[in-house]
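In: Build me a structure from this.
(chains A and B)
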Amino acid sequence: AQSVTQPDIHITVSEGASLELRCNYSYGATPYLFWYVQSPGQGLQLLLKYFSGDTLVQGIKGFEAEFKRSQSSFNLRKPSVHWSDAAEYFCAVGWMDSSYKLIFGSGTRLLVRP
Amino acid sequence: NAGVTQTPKFQVLKTGQSMTLQCAQDMNHEYMSWYRQDPGMGLRLIHYSVGAGITDQGEVPNGYNVSRSTTEDFPLRLLSAAPSQTSVYFCASSYRRLAGVDTQYFGPGTRLTVL
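Out: Next up, the predicted model:
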């Protein structure tokens, strides 16, 4: 069965520190992947996406993610976190098997210390 | 463009009542979907549609019905509301790729409470 795992429920980092949020998926078909961000009481906004090509993708707000097929992972990174990055982050994965299902992880809440 | 609109924004129901959550998009997207968001569980796919007249079940379809008579509209019907359906519901739409879906655009959400 298709599944997406974000193993960290909460992460706290200091402002200016680097950040890595983890995302793993399972299922055999070729995946395509997204990271979304949700601020409190808001809808979801796309940060970046990967369908094919260069496995390191750049997104908005200085975020990047790397697709590692061998590890079934798509981790999100940012070199220097700003207080405004505090939010909940969701990884989403679809599979190119004509199912058209997009499965979200359970989310990681990022807290930023001043 | 209004994007993805959802009505109502808030709703309180009694157990056993039925209701329809409305979703509309004006971007001519083929793909539309409904998710529910519960604390600690992320977004779970309820139903989705790849075009008018075509719908399919997601991860948690029980207790919900959908139909897609037009490209623009994708209503979600709760047949007999239960407290377990208390949640925030998001509608989303996107273009459909050859295999899969592209960036999803989300509505503002409907907060539903079932007493």
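In: show me where chain B has helices.
Out: For chain B, helices defined by DSSP state H do not occur.
In: Would you mind listing what in chain B touches chain A?
Out: In this structure, chain B approaches chain A at residues B:31, B:33, B:35, B:40-45, B:48, B:50, B:56, B:58-59, B:90, B:92, B:96-97, B:99-104, B:106-109, judged by Cβ under 8 Å from any Cβ of the partner chain. Heads up, the C-betas are built off the backbone N, CA and C, glycines and all.
In: Of the residues you listed, grab the buried ones for ChimeraX.
Out: Buried members of those, identified by 16 or more other Cβ atoms under 10 Å in any protein chain shown, are gathered into one ChimeraX selection as follows:
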select /B:31,33,35,42,43,44,45,48,50,58,59,90,92,99,100,101,102,104,106,107,109
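In: Just the ones of the residues of chain B next to chain A in strands?
Out: B:31, B:33, B:35, B:42-45, B:48, B:50, B:56, B:90, B:92, B:96-97, B:100-101, B:106 (DSSP state E).
In: list the helices and strands the helix or strand bottoming out on mean pLDDT in chain A packs on?
Out: The helix or strand of chain A with the lowest confidence, counting by mean pLDDT, DSSP states H and E, is strand A:102-104 at a mean of 90. On a contact count with 3 or more Cβ pairs under 8 Å, 6 or more residues apart in numbering or on different chains; DSSP states H and E, strand A:102-104 meets strand A:3-5, strand A:87-95, strand B:42-51.
In: OK, contacts around residue B:9?
Out: B:108-111 (Cβ atoms under 8 Å, 6 or more residues apart in numbering or on different chains).
In: give me phi/psi at it?
Out: Main-chain torsions, residue B:9, degrees, to the nearest 10: phi -80, psi -30.
In: Return the distance of it relative to chain A.
Out: Noted for residue B:9: a distance of 11 Å to chain A, by Cβ to the nearest Cβ, to the nearest Å.
In: any idea how far that residue is from residue B:112?
Out: 10 Å (Cβ to Cβ, to the nearest Å).
In: again with residue B:71
Out: For residue B:71, the distance to residue B:112 - Cβ to Cβ - is 25 Å.
In: cool, and residue A:29?
Out: From residue A:29 to residue B:112 the distance is 33 Å (Cβ to Cβ).
In: Show me which of those two is the more surrounded one.
Out: It is residue B:112, of residue A:29 and residue B:112, that has more neighbours when counted by other Cβ atoms under 10 Å in any protein chain shown, with 20 against 14.
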